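Student: structural data only, the sequence is not supplied:
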């Protein structure tokens, strides 16, 4: 799977609309994921997962910042995400299936807040972008 | 077997009452074909699927999307009985249409995203969770008769 120049343009366009809401959307995507896909909570047994949790908010910001970094380095994702890739492979070891759940919930969050931006073409590009990020993050697992 | 609480049923029905089945069905099937182009393999007879705008405007896509979402409506009337409700459709998708059940999961998730674009903030995490259960239940029911 390769991100075309149209895909990259679409990702950057959507990301610029997100503006300062990244942290808020990251937290919302996590909350959606924990509710819709309860097995994902097994990785956060040490977190307060109640609504409005400060830990979830902080973690949402982390996720959003990492994705913003990825969106700014679309031509070199393996390099830009190398440290996170190591972290997920050696320390976090989140099963690869879970990246699909979070990616889906990120798309749902964007769809709910930016329906006009999420045209079918943009939806396709974002889905590809999140899948590519997921692949990079699991690339050193074995 | 998926079990729906009365709250979940109420949430699902509440939203469904506001859904334009024709429009939402067309949009959902269209987006499936755009976002996951390999799903076009089942629709060789549909004509022009060469671009997102061609797909979204294609009258056969719209008509078939409406058919698919109307079937979803049947699911919603039979939440406690999904496997029986979809038994015949399951056989059809296996024996005649030869559709990999993974496609039901893909379509279900695209529907969730389309609902989010239409309903915005009203599509809260709780509402999404109920709908994820529904689309998962439908996918499982449609795959149930595969052999």
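Tutor: Everything's here; your move. Quantities reported herein were computed from a predicted structural model and do not represent experimental measurements.

Student: how about the residues of chain B that lie near chain A?
Tutor: B:30-31, B:34-35, B:52, B:55-56, B:109, B:112-114, B:116-121, B:123, B:125-126, B:128-129, B:132 (CB under 8 Å from any CB of the partner chain). C-beta here means a position set from N, CA and C on the backbone, and glycine is covered the same way.

Student: just the buried subset of those residues, written out for ChimeraX, thanks.
Tutor: Per 16 or more other CB atoms under 10 Å in any protein chain shown, the buried members of those correspond to this ChimeraX selection:
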select /B:30,31,34,35,52,55,56,109,112,113,114,116,117,118,119,123,125,128,129,132
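
Student: among the residues of chain B next to chain A, which ones are in helices?
Tutor: Residues of the residues of chain B next to chain A located in helices (DSSP state H): B:30-31, B:34-35, B:52, B:55-56, B:109, B:112-114, B:116-119, B:125-126, B:128-129, B:132.

Student: would you map the helices across chain A?
Tutor: A:5-18, A:22-36, A:54-71, A:77-80, A:82-87, A:97-113, A:120-137.

Student: with respect to residue B:85, which of these lies nearest?
Tutor: When the helices of chain A are compared by CB to CB, helix A:22-36 sits nearest residue B:85, at 22.8 Å.

Student: got the buried residues for the closest one?
Tutor: A:22-36.

Student: near chain B too, which of these?
Tutor: The subset of the buried residues of helix A:22-36 within reach of chain B, by CB under 8 Å from any CB, is A:28, A:31-32, A:35-36.

Student: what's near enough to touch the nearest residue to residue A:27 once chain neighbours are set aside?
Tutor: Among residues not flanking residue A:27 along the chain, residue A:60 sits closest, at 2.9 Å (CB to CB, 6 or more residues apart in numbering or on different chains). Listed by CB atoms under 8 Å, 6 or more residues apart in numbering or on different chains, the contact set of residue A:60 reads A:23-30.

Student: who's in contact with residue A:135?
Tutor: Counting by CB under 8 Å, 6+ apart, residue A:135 has contacts residue A:1.

Student: go ahead and confirm residue B:31 touches residue A:122.
Tutor: No - Residue B:31 is not in contact with residue A:122 according to CB atoms under 8 Å; the separation is 10.7 Å.

Student: closest to the centroid, which residue in the chain?
Tutor: Since no chain was named, I'll use chain A. The centre of chain A sits closest to residue A:103, judged by CA atoms, centre = their mean, with a distance of 5.3 Å.

Student: oops, wrong one, chain B.
Tutor: By CA atoms, centre = their mean, chain B has its centre lying nearest to residue B:108, at 4.7 Å.

Student: check the gap between that one and residue A:17 for me.
Tutor: Between residue B:108 and residue A:17 the distance, using CB to CB, to the nearest Å, works out to 27 Å.

Student: now do the same for the closest residue to residue A:17 other than its chain neighbours: its pLDDT.
Tutor: Spatial nearest neighbour of residue A:17, excluding adjacent residues (CB to CB, 6+ apart): residue A:117 at 5.2 Å. Residue A:117 carries a pLDDT value of 96.

Student: same thing with the one 4 residues further on?
Tutor: pLDDT, residue A:121: 98.

Student: then residue A:1?
Tutor: Looking at residue A:1, its pLDDT is 83.
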